[in-house]
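Novice: what's the 3D shape of this:
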Amino acid sequence: MKLYSFFNSSTSFRVRIALALKGLPYDYAGVNLRGGEQGKDAYRALSPAGIVPVLVDGDVTLTQSLAIIDYLDQRYPAPRLVPEDALARARALEIAQTIACEIHPINNIRVLKYLTGKLDVSEADKAAWYQHWVDEGLGAVESLLAKLPASAYCVGDAPTLADCCLVPQVANALRMGCDLSRFARVRAVYEHCMAQPAFIQAAPQNQPDYVA
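Specialist: Numbers count the residues shown, from 1 in each chain. Just a heads-up that it's a prediction; the model follows:
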């Protein structure tokens, strides 16, 4: 397998966590989003939207982190990241999609560059935009977690797709200087996960293309 990834991309981080949890080896291909490599024709042939990650597994090429993780779960089912139990599956998807569909799309690098470039938004207003959508989204995740039994992970006693999404989102929010003090359950899950070997292995600072 080969993973096209950018060290600071939260979507790439999700897939790296999944691969690490499943113990699957892969070749790492860095795609420099800051340098615009995602817009080059050769990369667009792999990812028409010009995004990371891209997973190549034999003759299969996939984009979109949730689709990739679902594929990995079907092809390499141990350990499962999308629970088989109907309710646990729905809870994991509910949290994952709150992050992947409600927070990330409007706070990713493309959107932030458009705000400060095309729309001439100030750095202060960009930071306020980012914090607002983090507050909205993680506030919803905090409420969802509060309805579930206490656990070190989001759903149940093992990592799921929900944790694969939560950890990178929190990492990015912290990197952007967001105040997460009111999200006690979110922070507890993040801190527990980031003490586990698979999450450490997948962390941005441990990737071949990492730049401080």
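Novice: Contacts only, for Tyr26.
Specialist: Neighbouring residues of Tyr26 by CB atoms under 8 Å, 6 or more residues apart in numbering: 1-3, 19, 55. (Glycine included, C-beta is placed from N, CA and C.)
Novice: Pull up the gap between Ser47 and Leu33, please.
Specialist: Taking CB to CB, to the nearest Å as the measure, Ser47 falls 12 Å from Leu33.
Novice: out of those two, which sits in the busier spot?
Specialist: Using other CB atoms under 10 Å, the more surrounded residue of Ser47 and Leu33 is Leu33, with 21 against 18.
Novice: circling back to that earlier point, quick one: buried ones out of the contacts of Tyr26?
Specialist: Among these, the ones that count as buried by 16 or more other CB atoms under 10 Å are 3, 19, 55.
Novice: Tyr28: what secondary structure?
Specialist: strand (DSSP: H, G, I helix; E, B strand; the rest coil).
Novice: Wait, it touches Ser5, no?
Specialist: Yes: at 6.2 Å, Tyr28 counts as touching Ser5 under the criterion of CB atoms under 8 Å.
Novice: which residues are in contact with both of these two?
Specialist: Common neighbours of Tyr28 and Ser5, using CB under 8 Å, 6+ apart, are 207, 209.
Novice: neighbour-wise, which of these two wins?
Specialist: More neighbours surround Ser5 than the other of Tyr28 and Ser5, with 27 against 14 (other CB under 10 Å).
Novice: The more buried one pairs with what?
Specialist: Under the criterion DSSP bridges, Ser5 forms beta bridges with Gly30.
Novice: Which pair in the contacts of Tyr26 has the greatest spatial separation?
Specialist: Farthest-apart pair in the contacts of Tyr26 is Lys2 and Leu19; separation 11.1 Å (CB to CB).
Novice: Now do the strands in the protein.
Specialist: Remark: strands assigned in the chain by DSSP state E are 2-5, 27-30, 54-57, 60-63.
Novice: ok, the last one: who's next to it in the sheet?
Specialist: Here strand 60-63 has these sheet partners by DSSP bridges: strand 54-57 (antiparallel).
Novice: name the helices or strands packed onto the lowest-mean-pLDDT helix or strand in the chain?
Specialist: For the chain, scoring each helix and strand by mean pLDDT, DSSP states H and E identifies helix 109-116 as the least confident one, at a mean of 87. Contacts defined by 3 or more CB pairs under 8 Å, 6 or more residues apart in numbering; DSSP states H and E place helix 109-116 against helix 123-146.
Novice: Mind exporting the C-alpha coordinates of stretch 66-85 to PDB?
Specialist: Provided in PDB are the C-alpha atoms of stretch 66-85 (Å, rounded to 0.1, in the frame of the first residue of the first chain):
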ATOM      1  CA  LEU A  66     -13.900   8.100   5.700                       C
ATOM      2  CA  ALA A  67     -14.200   6.100   2.500                       C
ATOM      3  CA  ILE A  68     -10.600   4.900   2.900                       C
ATOM      4  CA  ILE A  69     -11.100   3.800   6.500                       C
ATOM      5  CA  ASP A  70     -14.300   2.000   5.600                       C
ATOM      6  CA  TYR A  71     -12.400   0.200   2.800                       C
ATOM      7  CA  LEU A  72      -9.700  -0.800   5.300                       C
ATOM      8  CA  ASP A  73     -12.300  -2.100   7.700                       C
ATOM      9  CA  GLN A  74     -13.800  -4.300   5.000                       C
ATOM     10  CA  ARG A  75     -10.600  -5.500   3.600                       C
ATOM     11  CA  TYR A  76      -8.500  -5.800   6.800                       C
ATOM     12  CA  PRO A  77     -11.200  -6.200   9.500                       C
ATOM     13  CA  ALA A  78      -9.100  -6.600  12.600                       C
ATOM     14  CA  PRO A  79      -9.500  -4.500  14.700                       C
ATOM     15  CA  ARG A  80     -12.700  -3.100  13.500                       C
ATOM     16  CA  LEU A  81     -13.000   0.700  13.500                       C
ATOM     17  CA  VAL A  82     -16.600   0.900  12.500                       C
ATOM     18  CA  PRO A  83     -18.400  -1.200  15.000                       C
ATOM     19  CA  GLU A  84     -20.600  -4.100  13.800                       C
ATOM     20  CA  ASP A  85     -23.300  -3.500  16.500                       C
END
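Novice: Good, we can wrap up now.
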